[in-house]
Each structure stands twice: as structure tokens, then as C-alpha cells.
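Engineer: Please find the sequence and the predicted model below.
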Amino acid sequence: MIITTPIGKLGLKLSSNILSSIRFLPKTALLSTNQDQAIQRIITELHAYFKNPQHQFKLEFQMEGTAFQKRVWKALQNIPSGKVLTYKELAQKLKTSPRAIGNACRRNPLPIIVPCHRVVSQQGLGGYNGKTGGEMLNIKQWLLKHEGSI
DNA sequence: TATTCTTTTGGCG
DNA sequence: CGCCAAAAGAATA
């Protein structure tokens, strides 16, 4: 399932009507439509967020990962919109090291819903979607601006 | 002080 | 083992 958003095209993957992964797609990707109720609900949630950064997602999704990753992702979801943490701060909160946080964030299957974009480096932006520069960082910056953090 | 290095780092495949 | 979306410290100017 592919939808368009203000930050480009998103590919949504579902497993048994539950959101399991989101990925950013190149603008060359083709749109696809789907009438399925479960998907429509997810799309509505996403659009609501792009309209209102304060929107809280009320949807189910799969959190497949190690115990540590789940711990990090859960902590991420507790960051309110408009607030930003550094890897260091998160590390202190979870009693681990900044490097490990980056590791877990990088493997986040659900960008936007799990707000890994609200974690930044101590000086600079950090990375996004596996990259430390390039187009992905523009998206990260856009999201932070959208939420008023910049 | 500001930049560029080198080392330390936690958890993962 | 070696790979990373980081940070702190040392070295240099």
C-alpha cells in the first residue's frame, strides 16, 4: 500500500490488518489504492498527524524486536510532540550508552509513528532512516519543524 | 576558542 | 568478529 504525504510517498506494510512497517519511497513510486477498512483507518491517522502535529496515534502495530529495542521504542513514544531529546539523554534514561540508542533507532520499523526523529545528536541532527546525511535528513528536519521543535 | 583526531561504547547480525 | 543514526577526550592550531 502506497500513499502520498507532505513529505513524499510512504509504503505501508500490514500483516493481518496490523501495521508492521513503514518505509520512505522515492517519488517515482506508483500510488496504489486499497479499500480495506483497516488500511483506511491507518491512512486517516497518518493524515491527521500531518495536519496536526499534536495528533496521538491510536492504532495497533507490530513491535517486533529484541527486548532492548522495544524498551527504546516505548521510550520514544513517550516523547511529547515538540520536544526533542539527545541520544545522550535517552541513554541516561535507559541506563545505556548513546551508541546503543542509535542502534535501536536505526532498526525502527515504524518511522513517524515511533518518533525516532525526535532524537538528535548533541550537536547537529544525527541521522535518519539509516543515513547520516542526504535526503532523509531533510525529512527529519521537516518533521521537527512541523512539530515546532525548530 | 574552534577544528579535527582517537578512543570508548552497547547491542546486534 | 565487525558494524553503527554518538560522545568524550586529546591533540592541534
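Structural biologist: That came in fine, so what should we check first?
Engineer: Looks like residue A:139 contacts residue A:129 (just checking).
Structural biologist: Yes - with contact defined as C-beta atoms under 8 Å, residue A:139 reaches residue A:129; the gap is 7.5 Å. C-beta: built from backbone N, CA, C; applies to glycine.
Engineer: what comes into contact with the lengthiest helix in chain A?
Structural biologist: Among all segments of chain A classified by DSSP state H, the helix with the greatest residue count is helix A:37-51. By C-beta atoms under 8 Å, 6 or more residues apart in numbering, the list of residues contacting helix A:37-51 from outside reads A:1, A:3, A:5-7, A:10, A:12, A:14, A:17-19, A:34, A:55, A:57-59, A:112, A:146.
Engineer: Mind listing what's buried along it?
Structural biologist: Residues A:39, A:42, A:43, A:45, A:46, A:49 are the ones in helix A:37-51 that count as buried (16 or more other C-beta atoms under 10 Å).
Engineer: which among those are in contact with DNA strand B?
Structural biologist: Among those, no residue lies close to DNA strand B (C-beta under 7 Å from any atom of the strand).
Engineer: mind putting those residues in a markdown table, pLDDT included?
Structural biologist: As requested, the buried residues of helix A:37-51 are arranged in a markdown table below (pLDDT from 0 to 100):
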| residue | pLDDT |
| --- | --- |
| A:39 | 91 |
| A:42 | 94 |
| A:43 | 94 |
| A:45 | 96 |
| A:46 | 96 |
| A:49 | 97 |
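Engineer: Please convert those residues to a markdown table, extending it with distance to residue A:80.
Structural biologist: Formatted as a markdown table, the entries for the buried residues of helix A:37-51 read as follows, by distance: C-beta to C-beta, whole Å:
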| residue | distance to residue A:80 |
| --- | --- |
| A:39 | 28 |
| A:42 | 22 |
| A:43 | 24 |
| A:45 | 18 |
| A:46 | 19 |
| A:49 | 14 |
